[in-house]
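**Q** Next come a sequence and a model predicted from it.
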Amino acid sequence: MKKGVLIIMFMLLTFCGCHRTPKGQVGAVFSPGYTDGCLLNTRIYDSVKEVSSTYWVSSSDYAFLNNCLTKTRKDAKQKVISPFIFIKLDGVLYVLGSNRVVLKGHETFSISQNDEYRIKCMFHYYDYQDDCFLPEMEEIRRFGVPSNRHFVVIDPKKPTKPFVKVVLEY
């Protein structure tokens, strides 16, 4: 009898203990493939309903992202340049441009190339970029193709999505 109870307790702990409940989510919306002409429309994030992929990130990765986007910086005095990545963090929309300028409301600030690369890796941005375009990306030339990259093949029978939504849970 005791042996049966121990086995049941072990099984419950094994199956119930593996389930993670997310503390929160951070989302990103961007165009798959290489694009250089996209209008800056902040309503794009909310218009994309279907989540293409969901990934778990560590609390330290979330802290990095939060710190990178929310800490006070000097105004970049530049506009964000397409293609854009629309990131929603704690209800606030940030727009990361290809020139590493971030738009938050009417304020802009710059982030480092290393921070840009790390953010794109977290959202698996490079998974949606064709191999032929990767060498053209300055950050790929500097840091290399991420080890976690798994190219997302687009079905030729379906129309290409103009935007994909990736969610990070932490």
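**A** Perfect, thanks for sending it. Numbers count the residues shown, from 1 in each chain.
**Q** if you skip the residues just before and after it, what's nearest to the spatially most central residue of the chain?
**A** The chain has Phe123 as the residue nearest its centroid, 2.3 Å off, counting by CA atoms, centre = their mean. Using CB to CB, 6 or more residues apart in numbering and skipping residues adjacent in sequence, the residue nearest Phe123 is Ala28, 4.4 Å away. To be clear about C-beta, it is placed using only N, CA and C from the backbone, and glycine gets the same treatment.
**Q** and stretch 134-146, how far apart are its ends?
**A** End-to-end distance of stretch 134-146 (CA to CA, to the nearest Å): 11 Å.
**Q** buried ones in it?
**A** Of the residues in stretch 134-146, 134, 137, 139-140, 143, 146 count as buried by neighbour count, 16 or more other CB atoms under 10 Å.
**Q** Just send those residues back as a markdown table, with secondary structure too.
**A** Rendered in a markdown table, the data for the buried residues of stretch 134-146 read as follows (DSSP: H, G, I helix; E, B strand; the rest coil):
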| residue | secondary structure |
| --- | --- |
| Leu134 | helix |
| Met137 | coil |
| Glu139 | helix |
| Ile140 | helix |
| Phe143 | helix |
| Pro146 | coil |
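**Q** Export those residues as TSV, with columns for distance to Ser59.
**A** TSV is the format used below for the buried residues of stretch 134-146 (distance: CB to CB, whole Å):
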residue	distance to Ser59
Leu134	30
Met137	28
Glu139	25
Ile140	27
Phe143	23
Pro146	20
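**Q** mind showing which ranges of this protein have poor pLDDT?
**A** Within the chain, the segments meeting pLDDT under 70 span 1-20, 36-37, 154-160.
**Q** can you rerun that using 90?
**A** 1-23, 32-40, 71-77, 130, 132-133, 148, 152-162 (pLDDT under 90).
**Q** how about the residue nearest to Lys88 when sequence neighbours are not counted, what does it touch?
**A** Excluding the flanking residues, the one nearest Lys88 by CB to CB, 6+ apart is Gly27, at 4.8 Å. Going by CB atoms under 8 Å, 6 or more residues apart in numbering, Gly27 touches 45, 51, 87-88, 165-168.
**Q** which of these lies closest to Thr108?
**A** Ile87 (14.3 Å; CB to CB).
**Q** Contact partners for Tyr94?
**A** 69, 86-88, 102-104.
**Q** do Ser147 as well
**A** So Ser147 contacts nothing (CB under 8 Å, 6+ apart).
**Q** Offset the numbering so it begins at 33, please.
**A** Done: numbering now begins at 33, and the last item shifts to Ser179.
**Q** circling back: name the SS class of the residue nearest to Lys120, please.
**A** Three-state call for Gly59 (three-state DSSP): strand.
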